[in-house]
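Visitor: No letters, just coordinates:
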């Protein structure tokens, strides 16, 4: 460490230099507070602008991801499903329109397309973390989506 002489108001004062990276070592400059900082990301919150994002405004309230199409949507637009039992007592994916059933749930757009995608991708068992040996049938959910009472 070498000393540095500072002349202020006619007096000479000797100070000790702080230990730091060697002169010219640019690899450590980002960790040393003594080096001047370059202009980088500011701490000001910026609006998220991306060509991959649609032009529609962000959904308000809770946001969930559809297990079928993997699109994010407002929780109120999606149908919650849980693990229940079918008519024979076997584990099955059952609709939970009131979102009141206990346990882990998954969300799905209430359309046939998203339902078929989720079945083809085997997304229900993964999203609901069901590891049973008999598998997980999705027939009750398919019947619910096909029923005229559910159609808007």
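Guide: It's in. As the structure is a prediction and not an experimental result, all values here were calculated from the model.
Visitor: Tell me which stretches of the protein form strands.
Guide: With DSSP state E as the criterion, the chain has strands at 3-8, 11-16, 63-65, 72-74, 79-85, 91-95, 105-108.
Visitor: where does the residue nearest to residue 150 when sequence neighbours are not counted sit relative to residue 62, distance-wise?
Guide: Among residues not flanking residue 150 along the chain, residue 144 sits closest, at 5.8 Å (C-beta to C-beta, 6 or more residues apart in numbering). Yep, even glycine has a C-beta here, placed from its N, CA and C like the rest. Per C-beta to C-beta, to the nearest Å, residue 144 is found 22 Å from residue 62.
Visitor: neighbour count winner among these two?
Guide: Using other C-beta atoms under 10 Å, the more surrounded residue of residue 144 and residue 62 is residue 144, with 18 against 10.
Visitor: Who are the contact partners of that one?
Guide: Residue 144 makes contacts with 94-95, 150, as judged by C-beta atoms under 8 Å, 6 or more residues apart in numbering.
Visitor: List the buried residues in the longest helix seen in the chain.
Guide: Using DSSP state H to define each element, the chain has its longest helix at helix 112-121. Buried residues in helix 112-121, defined by neighbour count with 16 or more other C-beta atoms under 10 Å: 114-115, 117-119.
Visitor: Identify the farthest-apart pair in the residues you listed.
Guide: For those, the farthest-apart pair by C-beta to C-beta is 114 and 119; their separation is 9.8 Å.
Visitor: what residue ranges in the protein score low on pLDDT?
Guide: 1-59, 151-152 (pLDDT under 70).
Visitor: swap the cut-off to 80 and go again
Guide: 1-60, 132-134, 149-152 (pLDDT under 80).
Visitor: returning to that earlier point: counting neighbours, which of the contacts of residue 144 comes out on top?
Guide: Neighbour max across the contacts of residue 144 (other C-beta under 10 Å) = residue 95, 21 neighbours.
Visitor: distance of that residue from residue 147?
Guide: 10 Å.
Visitor: do the same with residue 113
Guide: Distance, residue 113 to residue 147, by C-beta to C-beta: 17 Å.
Visitor: do residue 111 as well
Guide: For residue 111, the distance to residue 147 - C-beta to C-beta - is 14 Å.
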